[in-house]
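Novice: Fold the stuff below for me.
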Amino acid sequence: MSSVRAFRPVARPWQFLLFLTFALAPCGGREARAADEGLLLGTAPAGLGSTRITATRLMSQVDWLCGPRFGGRATGTASCDSLARLLGARLRNAGWKPAVADSSFFDFYPSAGNVRVEGAIGLRDEDRGYRFGRDFTPLAISADGNALAELAFVGYGVSAPERGYDDYAGLEVKGRVVFAFLGAPGLSRGKGLLGAGPAPYGDLFRKAETALLHGAAGLIVAPPPSATQARPTAWKLPAGLAALDAGLPTVMVSPAAAKDLMTGLDLGELQRAIDGTLTPRSRLLGGRRAELLTALHRENDVHRSLLAMLPARSGSDAGALLLIANLNGGGWGPDGAAPTLHPGANSEAAAAAALLEMAEVLPLVPRSRKIYLALVTGADIGGAGARSLARKLTDVTTVISLHALGHGGKTRVECADEQLLARLRSANAELPTPVEIDVGYTVSSWQEAVPFLVRGLSVITISGPTAATDGTPLDTPALIDRDGYLARARFAFAAAQAIAR
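Specialist: Predicted coordinates:
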């Protein structure tokens, strides 16, 4: 009888695969080897594998996402769809699985395309009529309809009581046509509701939804008087972009038409007062009336977000964890006045790149929860991609949403769950370079988080400081703080690992 002992297969085959992965990988020093061993044995503290996320790789991802090949990554464009397909193949190679029945790495959702004016449209007040194309134009988010009603001035049309600001507070606008500035409060003075950056309160679809929620019959928007880049005429409907019906007639007017419509108000003085104090100056217009009529042609269209899944490695029945960031670029010009989508290095691409780097390491980490990873589109049409996922991912109980990770300074963590916050603090303490956390207990208003908050899920948002350049052509990779970005991306990985295991 042979004395040779028979080979016994490992109890957990994935550990052997991990061994091969790390054995064949280039050595990264004592810290990296310690991380590898901890991951292999399932004994690593949260975030120990984060050392595999490097500043060089993160910045390479940001440069690639912001390159001319993908433009502004706008929903419905061929470049955005091409990017989603490339990333789907990459996630498959990293070990992620399709999360939907058709075995693709996409979540498809409906919207409208090829939106254009078709039918009778118009805008008039008690003194004059306004010319289409010069004075006003319906926006692609507009519903068809006719609104003849008294006017109300609602500042920026923002309702953010969680930030101590609400243009609609104490104002009855039900059945009225409301007028709002484009952009968000404070940006002309470099101090918005989330710091210097515009996200997410300047979002056009969100303005329309807020007006509808307060019972408005129609919405008129215009560049604020300080908008140095504002066109003298109304915008044209952008060709080739997706759209979503916001539920009420919505038009944009030129600066001159805004002045005429708001006769009796000094719009420049009102904007200075709002931006200087972050205090609303909303008011009714004493019975002054306006009528707007909108009719648009829309074609049914389908768009995609990137969605992948890692199954749980144990028999735990804990709810799934969703990691989410926005794939689209962002911005409406240097001062919120021009309809141009920009790549958004800090505001959007930095979070997407961090999630892609996390995706390379997470398949190697022991976990008791299923993990979904989503890079959503539709941010430029009212967060349609995130809304679709919130309806479909019924097994998700916890969400980590990443935003604006690229600047130096404190890391903003918004979470209303004290137990989750304790786990995040513990994970942060175990990192080689912990971040300085600024905790917010208010409900997050980041667009990708809102649909999940409405469902009552535990939502964690992780972001860095915003800046006046966010959402503008100046938001380029060159402005990203490499050290701050790296530390924040590693913290996001540690947070995901702590909750998933």
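Novice: can we go C-alpha only for contacts and neighbour counts from here?
Specialist: OK.
Novice: What lies in contact with stretch 149-168?
Specialist: The contact list for stretch 149-168, computed with Cα atoms under 8 Å, 6 or more residues apart in numbering, reads 169, 173, 175-185, 193, 201-202, 207, 210-211, 214, 217, 262, 270-271, 274, 278-285, 287-291, 442-443.
Novice: Can you get me the start-to-end distance on it?
Specialist: Stretch 149-168 has an end-to-end distance of 17 Å (criterion: Cα to Cα, to the nearest Å).
Novice: Identify those among the contacts of stretch 149-168 that sit within strands.
Specialist: Using DSSP state E, 177-181, 283-285, 287-291 are the members of the contacts of stretch 149-168 that sit in strands.
Novice: Give me the buried subset of those.
Specialist: Applying 16 or more other Cα atoms under 10 Å to these, the neighbour count classes Val177, Val178, Phe179, Ala180, Phe181, Arg283, Leu284, Arg289, Ala290, Glu291 as buried.
Novice: Just say helix, strand or coil for Glu360.
Specialist: helix (DSSP: H, G, I helix; E, B strand; the rest coil).
Novice: List the residues that contact it.
Specialist: Each residue near Glu360 by Cα under 8 Å, 6+ apart is listed here: Leu91, Ala94.
Novice: how about 7 Å then?
Specialist: Counting by Cα atoms under 7 Å, 6 or more residues apart in numbering, Glu360 touches Ala94.
Novice: Tell me the secondary structure at Leu486.
Specialist: For Leu486, the assignment made with three-state DSSP gives helix.
Novice: the strands in the stretch 251-400 of the chain, which residues?
Specialist: For the stretch 251-400 of the chain, the strands defined by DSSP state E, counting those that start in this stretch occupy 283-294, 296-310, 320-326, 371-376, 396-403.
Novice: Dump these to JSON lines, plus distance to Arg52.
Specialist: Converted to JSON lines, the strands of the stretch 251-400 of the chain look like this (distance: least, Cα to Cα, whole Å):
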{"stretch": "strand 283-294", "distance to Arg52": "54"}
{"stretch": "strand 296-310", "distance to Arg52": "19"}
{"stretch": "strand 320-326", "distance to Arg52": "18"}
{"stretch": "strand 371-376", "distance to Arg52": "19"}
{"stretch": "strand 396-403", "distance to Arg52": "19"}
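Novice: Select from those strands the stretch with the lowest mean pLDDT.
Specialist: For those, the stretch scoring lowest in mean pLDDT is strand 296-310; its value is a mean of 90.
Novice: hang on, the earlier thing: and the furthest pair within the ones in strands among the contacts of stretch 149-168?
Specialist: Pairwise distances across these (Cα to Cα) peak at 20.5 Å, for the pair Phe181 and Gly287.
Novice: What backbone torsions are found at Thr54?
Specialist: When read as degrees, to the nearest 10, the backbone of Thr54 gives phi -120, psi 160.
Novice: any idea how far Val376 is from the residue lying closest to it once chain neighbours are set aside?
Specialist: Spatial nearest neighbour of Thr54, excluding adjacent residues (Cα to Cα, 6 or more residues apart in numbering): Leu486 at 6.6 Å. Using Cα to Cα, Leu486 is found at 22 Å from Val376.
Novice: where in the stretch 151-300 of the chain is pLDDT low?
Specialist: Scanning the stretch 151-300 of the chain with the threshold set as pLDDT under 70 gives 190-200, 228-231, 235-242.
Novice: burial of the residue nearest to Cys415 when sequence neighbours are not counted, as a residue count?
Specialist: Counting by Cα to Cα, 6+ apart, Ile460 is the residue found nearest to Cys415 once chain neighbours are left out, at 4.9 Å. Using other Cα atoms under 10 Å, Ile460 has 27 other residues around it.
Novice: who's in contact with Ile460?
Specialist: Val399, Ile400, Ser401, Val413, Glu414, Cys415.
Novice: got the angle between the helix or strand where it lies and strand 396-403?
Specialist: Secondary structure assignment for Ile460, by DSSP states H and E: strand 458-463. For strand 458-463 against strand 396-403, the angle by axes from the mean of the first three to the mean of the last three Cα atoms, to 10 degrees is 10 degrees.
Novice: who does strand 458-463 pair up with?
Specialist: Neighbouring strands of strand 458-463 in its sheet, by DSSP bridges, are strand 396-403 (parallel), strand 411-414 (antiparallel).
Novice: on that earlier part again, out of the strands of the stretch 251-400 of the chain, which comes closest to Leu364?
Specialist: Nearest to Leu364 among the strands of the stretch 251-400 of the chain is strand 296-310; the distance by Cα to Cα comes to 10.4 Å.
Novice: Not counting its own residues, what contacts the closest one?
Specialist: With Cα under 7 Å, 6+ apart, strand 296-310 has contacts from 76, 84, 88, 96-99, 105-119, 144, 363, 370-377, 385.
Novice: Domain map for this protein?
Specialist: 45-111+302-500, 119-294 (automatic domain parsing).
Novice: picking up where we left off before, mind exporting the strand holding Ile460 as CSV, just the C-alpha atoms?
Specialist: Output of strand 458-463 as CSV, limited to C-alpha atoms (Å, rounded to 0.1, in the frame of the first residue of the first chain):
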residue,chain,number,x,y,z
SER,A,458,-31.1,52.2,4.8
VAL,A,459,-29.2,54.6,2.5
ILE,A,460,-25.6,55.8,3.0
THR,A,461,-24.2,58.6,0.8
ILE,A,462,-20.5,59.2,0.6
SER,A,463,-19.2,62.4,-1.0
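Novice: how far out from the middle of the chain is it?
Specialist: 12 Å (Cα atoms, centre = their mean, to the nearest Å).
Novice: do stretch 286-293 as well
Specialist: Computed by Cα atoms, centre = their mean, the chain-centroid distance of stretch 286-293 equals 34 Å.
Novice: before we move on, what about stretch 212-221?
Specialist: 23 Å.
Novice: mind checking how far the nearest residue to Pro138 once chain neighbours are set aside is from Leu213?
Specialist: Excluding its sequence neighbours, the residue lying closest to Pro138 (Cα to Cα, 6+ apart) is Val251, at 4.1 Å. Note on Val251: its distance to Leu213, by Cα to Cα, is 17 Å.
Novice: do the same with Ala487
Specialist: From Ala487 to Leu213 the distance is 39 Å (Cα to Cα).
Novice: Please say which of the two ends up with more neighbours.
Specialist: Ala487 (26 against 11).
Novice: Next up, the contacts around that one.
Specialist: By Cα under 7 Å, 6+ apart, the contact list for Ala487 reads Thr433, Pro434, Val435.
Novice: Show the contacting residues for the second one.
Specialist: With contact set as Cα under 7 Å, 6+ apart, Pro434 has these partners: Asn428, Ala487.
Novice: so where does it fall, helix or strand?
Specialist: Pro434 belongs to no helix or strand when elements are defined using DSSP H and E.
Novice: For it, what are phi and psi?
Specialist: The phi/psi pair for Pro434 (degrees, to the nearest 10) is phi -60, psi 150.
Novice: count of residues packed around Ala78?
Specialist: Residues near Ala78, counting by other Cα under 10 Å, number 13.
Novice: ok but Gly88 is inside a strand, no?
Specialist: No: counting by three-state DSSP, Gly88 is located in no strand; its state is helix.
Novice: Could you measure from the nearest residue to it once chain neighbours are set aside over to Ala500?
Specialist: Once flanking residues are discounted, Gly88 sits nearest to Phe105: 5.4 Å by Cα to Cα, 6+ apart. Computed as Cα to Cα, the Phe105 to Ala500 distance reads 21 Å.
Novice: if you count what's nearby, which of those two comes out ahead?
Specialist: Taking neighbours as other Cα under 10 Å, Phe105 and Ala500 compare with Phe105 leading, 26 against 23.
Novice: That one reaches Pro98, doesn't it?
Specialist: Yes: with contact defined as Cα atoms under 7 Å, Phe105 counts as touching Pro98 (5.0 Å).
Novice: What's the separation between Ala500 and Leu322?
Specialist: Relative to Leu322, Ala500 is positioned 10 Å away (Cα to Cα).
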